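**Q** with the sequence up front, the predicted model follows.
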Amino acid sequence: MRIETERLTITEITINEAPFFYELVNDPTYLQFIPDKNIKSIADAKKHITNKIIKEYESQGFGFYLVSLKDSKTPIGMCGLIDRDGLEFMDIGFSFLKEYQGKGFAFESSKGVLDFAKSTLKIDKIAAITTLDNVKSSNLLERLGFKHERNIFIPNDPDELRLFINDLS
C-alpha cells in the first residue's frame, strides 16, 4: 500500500521503523491524548509493530501507516484505520511528532487515507474519536467532513470520548 499526496508518502510500517515508532509513542504530545502503549524500548516497539500493526495489515488489509515527507523520506507521524472495539465503523487516527504538528500534515495524510478507504477499501462511513479536551483534533476532523455525533465510552478506555462520523458515500 502506498499513498502519495502533495508533500507526503504514506506506506505500511515495517520493523525498520521501530526507532521512529518508539519516539512517536513516547512523545509527550502523543501521550497527552492517546493511551500509553507501554513501549519502553526499541525492542518493545519491534514487538508491537510485528504483533499488532503488521498483523492488522495481514488480517484486515489496513491499519496504521507511516507518514513520511516525500522529498526527504523523513518519518513524521502515523495515520490510518483501525477496527476498534466499541465502534460501529472503522476508526481513523493520526499522530505526529511535535515538530511536525500545525503544518497541515495531519489533514493532508488523513485526506489521503479517507480517499484510499473510499476508493480502494470501499468503505462508506468512517468514525473518529477524540478526548473531550483535544480541540485541535476535533477541529481537524470537522474540516475533513466529520460530524460530532455524541460522547461515548469504549471498552478498555476509562475516558469519555467524542465520537465523529464521516459519510464518504
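**A** Cool, the structure landed.

**Q** which parts of the helix or strand of the chain with the lowest mean pLDDT are buried?
**A** Least confident element among the helices and strands of the chain, by mean pLDDT, DSSP states H and E: helix 28-33 (a mean of 88). Neighbour counts over helix 28-33 (16 or more other CB atoms under 10 Å) mark Tyr30 as buried. Any C-beta I mention is one placed from the backbone N, CA and C, and that applies to glycine too.

**Q** dump the C-alpha coordinates for that helix into CSV.
**A** Output of helix 28-33 as CSV, limited to C-alpha atoms (Å, rounded to 0.1, in the frame of the first residue of the first chain):
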residue,chain,number,x,y,z
PRO,A,28,4.6,13.9,25.5
THR,A,29,2.1,15.4,23.0
TYR,A,30,1.2,11.8,21.9
LEU,A,31,0.7,10.7,25.5
GLN,A,32,-1.4,13.7,26.3
PHE,A,33,-4.3,12.5,24.1
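
**Q** so how far is the very next helix or strand once past that helix off the chain centroid?
**A** Sequence-wise, the next helix or strand downstream of helix 28-33 (DSSP states H and E) is helix 42-48. Here the centre of helix 42-48 is set off from its chain's centre by 18 Å, with CA atoms, centre = their mean, to the nearest Å.

**Q** rewinding a little: what does the least confident helix or strand of the chain rub up against?
**A** 24-25, 95, 98, 101, 130-131, 133-134, 137 (CB atoms under 8 Å, 6 or more residues apart in numbering).

**Q** mind listing the strands for this structure?
**A** In the chain, the segments counted as strands under DSSP state E are 2-4, 8-12, 64-69, 75-82, 90-96, 125-131, 147-152, 161-167.

**Q** buried residues, the last one. List them.
**A** This means strand 161-167. Result for strand 161-167 [16+ other CB under 10 Å]: buried residues 161-166.

**Q** related to what we said a few turns ago, between the contacts of helix 28-33, which is closest to Thr120?
**A** Ser95 (22.6 Å; CB to CB).

**Q** save the contacts of helix 28-33 as JSON lines, and put in distance to Lys40, neighbour count and pLDDT too.
**A** Below are these laid out as JSON lines (distance: CB to CB, whole Å; neighbours: other CB atoms under 10 Å; pLDDT from 0 to 100):
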{"residue": "Leu24", "distance to Lys40": "14", "neighbour count": "24", "pLDDT": "97"}
{"residue": "Val25", "distance to Lys40": "10", "neighbour count": "20", "pLDDT": "96"}
{"residue": "Ser95", "distance to Lys40": "18", "neighbour count": "19", "pLDDT": "96"}
{"residue": "Lys98", "distance to Lys40": "20", "neighbour count": "11", "pLDDT": "94"}
{"residue": "Gln101", "distance to Lys40": "24", "neighbour count": "16", "pLDDT": "95"}
{"residue": "Thr130", "distance to Lys40": "26", "neighbour count": "22", "pLDDT": "95"}
{"residue": "Thr131", "distance to Lys40": "23", "neighbour count": "17", "pLDDT": "94"}
{"residue": "Asp133", "distance to Lys40": "26", "neighbour count": "12", "pLDDT": "93"}
{"residue": "Asn134", "distance to Lys40": "24", "neighbour count": "17", "pLDDT": "94"}
{"residue": "Ser137", "distance to Lys40": "25", "neighbour count": "20", "pLDDT": "96"}
